[in-house]
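Undergrad: structure of the sequence below:
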Amino acid sequence: MSSPPHSSVFHRAEHELLLCCARTQLAPETAARIRALAGRQLDWEYLFQLANRHKLSPLLCWQLKTVAAELVPPSVHEQLRTSLSATSRRNLQLAAELLQLLQLFQEHDISAIPYKGAVLAETVYGNLALREFVDLDVLVRRRDVLSARDLLIARGYHPFVQLEASQETAYLDYQCEHVLSDERRDLMVEIQWRVVPDYFSFRFDYESLWQRIEPATLCQRPIATLSPEDTLLLLCVHGSKHLWARLGWICDVAEAVRHFQPRLNWPLLEQRAVHSGSQRMLHLGLYLAHDLLQAELPPDVRQQVNADGAVKSLAEQVYAQLWTEAEEQDEAANFFEHSFFHLKAKERWRDRLRFCFQVLTTTTIEDWSANGSFRSVPLATLTRRTLRLAQKYLPQLFRLLFSR
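TA: Numbers count the residues shown, from 1 in each chain. Model prediction:
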């Protein structure tokens with residue numbers, strides 16, 4: 001019998017119920033616990049708000065309907081049915097658009113790999129309706145980014161960032177994605193050439209990724225997808241980038257472990273993480289998936305994960321913020337806490353030093369707006385960015401420090 005996560009993760013019965021429902025397959029003891037919790041006096045509105053924030057509404061609704069339908073109030077039962085139906089329709093719309101975009105890219109000789117979103121829902125979760133997603137993530141080679149972006153613009157999408165031709169190279173060097181939206185159809189697409197910005201110091205060989213792609217299907221249409229090892233590693237890096245603030249990202253890792261377990265090459269995955277400087281991020285994602293959602297890990301993998309003392313410390317930091325509204329968090333505290341988290345999540349000192357230097361010297365859209373230049377000499381960039389960060393965050397940091 002799998003042991004539940006330590007009780008300090010729960011502050012309310014609604015928290016525990018959401019965690020119990022955050023999986024596609026239920027052990028008998030988990031199903032029994034869902035029934036026990038569903039029979040209590042719950043704040044159902046709070047529970048649904050929580051599920052929406054963590055992108056777990058489909059799984060919450062599905063599991064409650066499956067194992068505890070007679071225990072929820074009639075009004076809640078109707079809300080479950082309506083929510084699942086709306087998610088299913090929306091996901092079908094997004095999947096259809098994704099397939100059309102992949103066809104469009106293929107017609108223009110642009111290789112593209114969809115990941116997360118609809119692909120995870122159908123291939124890993126086993127049901128397109130069980131994973132909530134709001135945008136379409138597509139990986140392309142760097143050389144194809146601008147062509148793919150222009151095709152989307154011709155299709156009616158509008159880029160979030162307007163760049164001049166002279167600024168494109170710098171943007172491609174430092175950033176990782178072009179985000180475009182079609183407000184008429186409520187669609188958003190992220191064209192990505194890496195999964196995190198360059199300053200994140202994730203030294204991954206993206207070109208070799210293209211040699212490992214595998215066939216899959218989406219809505220009975222053939223597509224290309226990432227290998228199991230690449231999928232799991234990139235999910236852990238993506239979650240670490242965002243401090244694992246959303247339970248849905250932890251659920252993705254747990255479901256990927258469950259789905260890929262029979263053929264997952266764990267030594268190869270570990271080797272790939274070591275070479276890219278993301279071993280601790282991988283271990284953190286696996287630790288969270290096991291501790292919160294009882295993802296089954298091989299004994300030797302669990303031993304490797306538990307051998308890094310920093311992983312448990314990082315997990316405690318994740319747990320401390322898990323139920324906190326983003327609006328409640330101080331902006332200055334976020335900036336420094338995020339930076340310290342990212343530093344601690346890197347096991348190599350050279351990656352930490354590079355991260356610090358890049359955070360100070362890599363120009364952002366905000367810097368560009370303030371200084372009128374997206375690309376400048378390193379010393380000038382360092383001076384301007386450091387002054388801007390100091391002016392923006394130091395007063396709040398001092399108040400934060402002296403208030404504790």
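Undergrad: all contacts plus neighbour counts: C-alpha atoms, from now on.
TA: Noted.
Undergrad: could you break the chain into its assigned domains?
TA: The record assigns the chain these domain ranges, following automatic domain parsing: 1-72, 87-226, 227-323, 330-404.
Undergrad: excluding its backbone neighbours, what's nearest Pro222?
TA: Ala216 (5.8 Å; CA to CA, 6 or more residues apart in numbering).
Undergrad: thought Phe346 was touching Gly277?
TA: Phe isn't right for residue 346; it's Lys. Yes. Contact status for Lys346 versus Gly277: in contact at 6.8 Å, counting by CA atoms under 8 Å.
Undergrad: after the helix or strand where Leu233 lies, which helix or strand is next?
TA: Applying DSSP states H and E as the criterion places Leu233 in helix 228-241. Later in the chain than helix 228-241, the nearest helix or strand by DSSP H and E is helix 247-260.
Undergrad: got the CA positions of that next one in CSV?
TA: Extracted in CSV, the C-alpha atoms of helix 247-260 (Å, rounded to 0.1, in the frame of the first residue of the first chain):
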residue,chain,number,x,y,z
LEU,A,247,-0.4,20.8,-9.2
GLY,A,248,-1.2,20.0,-12.8
TRP,A,249,2.5,20.0,-13.7
ILE,A,250,3.2,17.5,-10.9
CYS,A,251,0.3,15.4,-12.2
ASP,A,252,1.9,15.4,-15.6
VAL,A,253,5.1,13.9,-14.2
ALA,A,254,3.2,11.3,-12.2
GLU,A,255,1.1,10.3,-15.2
ALA,A,256,4.2,10.2,-17.5
VAL,A,257,6.0,7.9,-15.1
ARG,A,258,3.0,5.6,-14.9
HIS,A,259,2.5,5.6,-18.7
PHE,A,260,6.1,5.2,-19.7
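Undergrad: give me the contacts around it.
TA: The contact list for helix 247-260, computed with CA atoms under 8 Å, 6 or more residues apart in numbering, reads 22-24, 54-56, 120, 124-125, 228, 231-232, 235-236, 239, 244, 285-286, 288-290, 293-297, 322.
Undergrad: so where do the helices sit in the stretch 101-250 of the chain?
TA: 117-123, 145-154, 165-174, 206-209, 228-241, 247-260 (DSSP state H, counting those that start in this stretch).
Undergrad: same list (these) but as a markdown table, adding mean neighbour count.
TA: Putting these into a markdown table (neighbours: other CA atoms under 10 Å) gives the following:
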| stretch | mean neighbour count |
| --- | --- |
| helix 117-123 | 23 |
| helix 145-154 | 16 |
| helix 165-174 | 14 |
| helix 206-209 | 12 |
| helix 228-241 | 22 |
| helix 247-260 | 23 |
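Undergrad: by mean pLDDT, show me the worst of these.
TA: Lowest mean pLDDT within the helices of the stretch 101-250 of the chain: helix 165-174, at a mean of 84.
Undergrad: just want the angle from that one to helix 145-154.
TA: Per axes from the mean of the first three to the mean of the last three CA atoms, to 10 degrees, the angle that helix 165-174 makes with helix 145-154 is 120 degrees.
Undergrad: by contact count, what packs against helix 165-174?
TA: On a contact count with 3 or more CA pairs under 8 Å, 6 or more residues apart in numbering; DSSP states H and E, helix 165-174 meets no helix or strand.
Undergrad: just the CA trace of it, in PDB.
TA: This file holds the C-alpha atoms of helix 165-174, laid out as PDB (Å, rounded to 0.1, in the frame of the first residue of the first chain):
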ATOM      1  CA  ALA A 165      14.000  42.600 -38.100                       C
ATOM      2  CA  SER A 166      17.200  43.900 -36.500                       C
ATOM      3  CA  GLN A 167      16.000  42.700 -33.100                       C
ATOM      4  CA  GLU A 168      15.000  39.200 -34.100                       C
ATOM      5  CA  THR A 169      18.400  37.600 -33.700                       C
ATOM      6  CA  ALA A 170      18.900  38.800 -30.200                       C
ATOM      7  CA  TYR A 171      15.400  37.600 -29.200                       C
ATOM      8  CA  LEU A 172      16.100  34.200 -30.600                       C
ATOM      9  CA  ASP A 173      19.400  34.100 -28.800                       C
ATOM     10  CA  TYR A 174      18.000  34.900 -25.300                       C
END
